[in-house]
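Engineer: Predicted model and sequence follow; I will ask about them next.
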Amino acid sequence: MRVIVVGGGVVGTMHAWQAVERGHQVVQIEREAEARGASLRNFGQIWVSGRAGGEELDTALRARELWERIGAEVPGLGFRANGSLTPVRTPRELAVAEAALARPDAAARGYALLTAAEAREINPALRGAFEAALWCARDAAVEPRTAQLHLREALRTRAAGRYTFLAGREVREVVGPAAVRDDHGDVHRADAVVLATGAWLSGLVRELAPDLPVRRVRLQMMQTDPLGEPLTTSIADADSFRYYPAYESPALDALNAGQEQEPIAAAHKMQLLMVQRRDGGLTIGDTHEYEHPFAFDTLEDPYEHVAAVAGSFLGRPLPKIRHRWAGVYAQCTDTTRVVHRQQVADGVWLVTGPGGRGMTCSPAIAETTANELGW
C-alpha cells in the first residue's frame with residue numbers, strides 16, 4: 001500500500017510511523033521547510049494525569065506505551081518517564097487532590113498523594129513552600145523541538161527506501177481517489193491520503209470540510225536558560241485542577257467557588273506547567289485564548305505571573321528567559337472528543353483537533369487511524 005501523509009507535525013509523523021511499521025510506502029508532505037506549529041511549541045509532556053476518563057484516558061495510556069516503545073528505538077526523542085507533581089497549598093486544593101485519588105482510574109494514572117517532604121525526595125529542586133503534592137507516575141516527557149527530526153531520520157533508516165519527506169510543498173487540490181496536487185503542480189497518487197494539517201484549517205481543508213467542528217486555540221509559553229540542577233519531574237500548579245477534566249468533583253466546585261484565581265490567571269485562563277529540557281532549561285506556560293482574531297503580539301503580564309508561580313515552587317528566581325513564543329493548536333469544539341477523524345473525499349481522511357492532547361496522544365491517534373483504515 002502507498003500512503004500519503006500531509007503535515008509534518010507530530011500527528012502526521014506518527015501516521016507515517018504507523019504506515020511504515022505496517023510495511024507500507026509513505027510520502028509525507030509538509031508545506032514548510034520543517035514543521036513549525038504546535039508540535040514544536042509545546043511542553044513535550046506525555047500528560048496522562050489530567051485526562052478525562054474513558055476514551056481520552058485509554059488513548060493517553062495507550063499513547064504512553066507507544067511513546068516509551070518508540071523512545072527506546074529512537075533515543076533522540078529524549079523520552080523519560082519523569083512523572084509529574086502538582087504541589088498544593090490550601091485545604092481546598094488538597095481536597096481536590098484527595099478527590100482525584102478516589103477516582104476508580106486513579107491507579108491506572110499512577111496517582112499518589114505525597115507530603116511535602118516526600119515530594120522533595122522525588123524532586124529536590126522544589127524548595128518553595130507547599131503542604132502536599134499530587135504525584136502522577138504515568139506522566140512522561142520528550143523533546144518537542146527535535147522529536148519530528150529524529151522520528152523522520154529513524155523512518156528513513158528503517159524504511160529501506162519506503163519513506164520520503166517532501167518539504168516546502170503545499171497540497172492544494174484533491175484530483176482523484178487518494179490523489180492530490182501540490183503547489184509545484186506535481187500529482188501524488190496513493191491508496192490512502194491522511195490530512196494531518198494541525199491548526200492549518202483554511203485552503204484545502206476548508207474546501208473539503210466547510211463545517212468542520214474544530215476551533216483554534218492560542219497560547220503563550222517561554223523557555224529559560226539552564227536551571228543549574230535537575231528538575232526531576234514535570235510540575236503543575238493547582239490552577240491546572242481547574243483546567244483538566246480528570247479533576248472534576250464536588251471538591252473542585254468548592255475550590256472554584258471559594259478560592260478565586262489570581263486576576264491575571266483568570267483573565268488568560270492560565271495554569272502553570274513546567275518541564276525541564278535536556279539542556280537544563282525550563283519550558284514554562286501557559287495561557288489560553290479562544291476568541292478570533294487572535295492578537296499578533298504577546299503580553300508580559302501572563303509571563304510575569306507564571307514566572308512568579310514557578311519561582312515560588314522552586315524557592316528561587318527563575319534563570320534568564322531566553323525564548324518567548326505564542327502557538328496555535330486545533331481543538332474539537334466538543335472538547336470530550338479526542339480527535340476529529342473524517343473521510344472528506346474518496347480515499348482522503350482528515351485527522352485534526354486533538355487540542356492540547358496532540359503531543360500526548362498522537363501515537364495512539366495514528367494507530368487508531370491505521371486500524372480503522374485497514375492498513
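Structural biologist: Happy to help now that I have it.

Engineer: which SS class is residue 366?
Structural biologist: Here residue 366 takes the helix state, with states given by DSSP: H, G, I helix; E, B strand; the rest coil.

Engineer: Who are the contact partners of the closest residue to it other than its chain neighbours?
Structural biologist: Nearest residue to residue 366 in three dimensions, chain neighbours excluded: residue 14, at 3.8 Å (Cβ to Cβ, 6 or more residues apart in numbering). Bear in mind the C-beta positions are built from the backbone N, C-alpha and C, glycine included. Shown in contact with residue 14 (Cβ atoms under 8 Å, 6 or more residues apart in numbering): 151, 362, 363, 365, 366.

Engineer: and the two most separated of those residues?
Structural biologist: Pairwise distances across the contacts of residue 14 peak at 14.7 Å for 151 and 365 (criterion: Cβ to Cβ).

Engineer: Which stretches in this protein count as helices?
Structural biologist: Per DSSP state H, the chain carries helices over the ranges 10-21, 55-73, 91-101, 106-109, 116-122, 147-158, 204-208, 239-243, 250-258, 263-267, 300-314, 358-372.

Engineer: now for those helices, which one comes closest to residue 291?
Structural biologist: Comparing these under Cβ to Cβ, the one sitting nearest is helix 263-267, at 12.4 Å.

Engineer: winner for burial among the helices of the chain?
Structural biologist: Counting by mean count of other Cβ atoms under 10 Å, helix 10-21 has the highest mean neighbour count of the helices of the chain, with a mean of 28.

Engineer: how far does that helix sit from the chain's center?
Structural biologist: 16 Å (Cα atoms, centre = their mean, to the nearest Å).

Engineer: Averaged pLDDT, that helix. What do you get?
Structural biologist: On average, the pLDDT along helix 10-21 is 97.

Engineer: Also stretch 241-257?
Structural biologist: On average, stretch 241-257 scores 97.

Engineer: Can you check which of the helices of the chain gets nearest to residue 191?
Structural biologist: helix 10-21 (10.1 Å).

Engineer: Could you dump the contacts of residue 14 into JSON lines with distance to residue 356 and pLDDT added?
Structural biologist: Shown next, in JSON lines, are those (distance: Cβ to Cβ, whole Å; pLDDT from 0 to 100):
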{"residue": "151", "distance to residue 356": "20", "pLDDT": "97"}
{"residue": "362", "distance to residue 356": "12", "pLDDT": "97"}
{"residue": "363", "distance to residue 356": "16", "pLDDT": "98"}
{"residue": "365", "distance to residue 356": "13", "pLDDT": "98"}
{"residue": "366", "distance to residue 356": "17", "pLDDT": "98"}
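
Engineer: and which of those is nearest to residue 269?
Structural biologist: Using Cβ to Cβ, residue 362 comes nearest to residue 269 of the contacts of residue 14, at 23.6 Å.

Engineer: so who does that closest one touch?
Structural biologist: Counting by Cβ under 8 Å, 6+ apart, residue 362 touches 10, 11, 13, 14, 63, 354.
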